[in-house]
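Novice: Structure for this input, please:
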Amino acid sequence: CVNEFLHSPFIRKQGNIYKPNNKDMDNDSLNEKTMEDLHTKEIDLVNRDPKRVNDDVVKVDFEDVIAEPAGTYSFDGVWKASFTTFTVTKYWCYRLLTALVGIPLALIWGIFFAILSFIHIWAVVPCVKSYLIEIHCVSRVYSICVHTFCDPLFEAMGKCFSSIRISMTKEV
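Specialist: Numbers count the residues shown, from 1 in each chain. Okay, the predicted model is just below:
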């Protein structure tokens, strides 16, 4: 009886995975060669943040927002009702917002990252490679100029100033 209430009814059992174009495999379909679609992948409906992107950001519980210090407690019924109201409101508002805005935002972010990838692949990388090729040639010319003009100058200055001796004495 106690174990029935340990898990929330919203938690799915591990391994509940959505597979696009999922078909039951029988002996005939195992022998068929099918082309794998690289743009669809298995989606884990249990662990929706496998790379832990939002670990520090959105874990906000009732205790993180509302707390009563010792000596200023409200009625127990009010505290329980507040907890339930906060938790249920947060849960259903999030679900409603994701249902209304989630798919359009997914479309917008998909377009954004497609454009970003396109710009990176077709503009940024070629420009950087072109710059590196051109700067390599410039760096060789610069190196030759430094070794030709500056090295003898600084070597001569070093020989001139190498005979200078400085001594410090303390006067009493």
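Novice: ok, then the element right after the helix or strand bottoming out on mean pLDDT in the chain?
Specialist: Ranking every helix and strand in the chain by mean pLDDT, DSSP states H and E puts helix 27-31 at the bottom, with a mean of 47. Of the helices and strands lying after helix 27-31 in sequence (DSSP states H and E), the nearest is strand 43-44.
Novice: Nearest residue to the middle of the protein?
Specialist: Most central in the chain under C-alpha atoms, centre = their mean is V53, positioned 5.9 Å from the mean C-alpha point.
Novice: Just confirm it is within a helix.
Specialist: No - the assignment for V53, made by DSSP: H, G, I helix; E, B strand; the rest coil, is coil rather than a helix.
Novice: for it, phi and psi?
Specialist: phi -70, psi -40 (degrees, to the nearest 10).
Novice: from now on call the first residue 22
Specialist: Let's use 22 as the start, then, which means that last one is V74.
Novice: This protein: helices as residue ranges?
Specialist: Ranges of helices within the chain are 48-52, 83-86, 97-118, 124-140, 146-166, 172-182, based on DSSP state H.
Novice: what packs against the second one?
Specialist: When you say that, I think you mean helix 83-86. helix 97-118 (3 or more C-beta pairs under 8 Å, 6 or more residues apart in numbering; DSSP states H and E). Just so you know, the C-beta spots here come from the backbone N, C-alpha and C atoms, and that holds for glycine as well.
Novice: can you list the residues that contact the helix it packs on?
Specialist: Defining contact as C-beta atoms under 8 Å, 6 or more residues apart in numbering, one finds that helix 97-118 is touched by F31, V81, D82, F83, V86, I87, E89, Y94, S95.
Novice: hmm, try it at 7 Å
Specialist: Identification of contacts with helix 97-118 by C-beta atoms under 7 Å, 6 or more residues apart in numbering yields F83, I87.
Novice: now stretch 72-91
Specialist: Stretch 72-91 is contacted by residues S95, S103, F104, F107, T108 when judged by C-beta under 7 Å, 6+ apart.
Novice: could you redo the last one with a cut-off of 10 Å?
Specialist: With C-beta atoms under 10 Å, 6 or more residues apart in numbering as the test, stretch 72-91 has contacts from R69, D70, S95, W100, S103, F104, T105, T106, F107, T108, K111, Y115.
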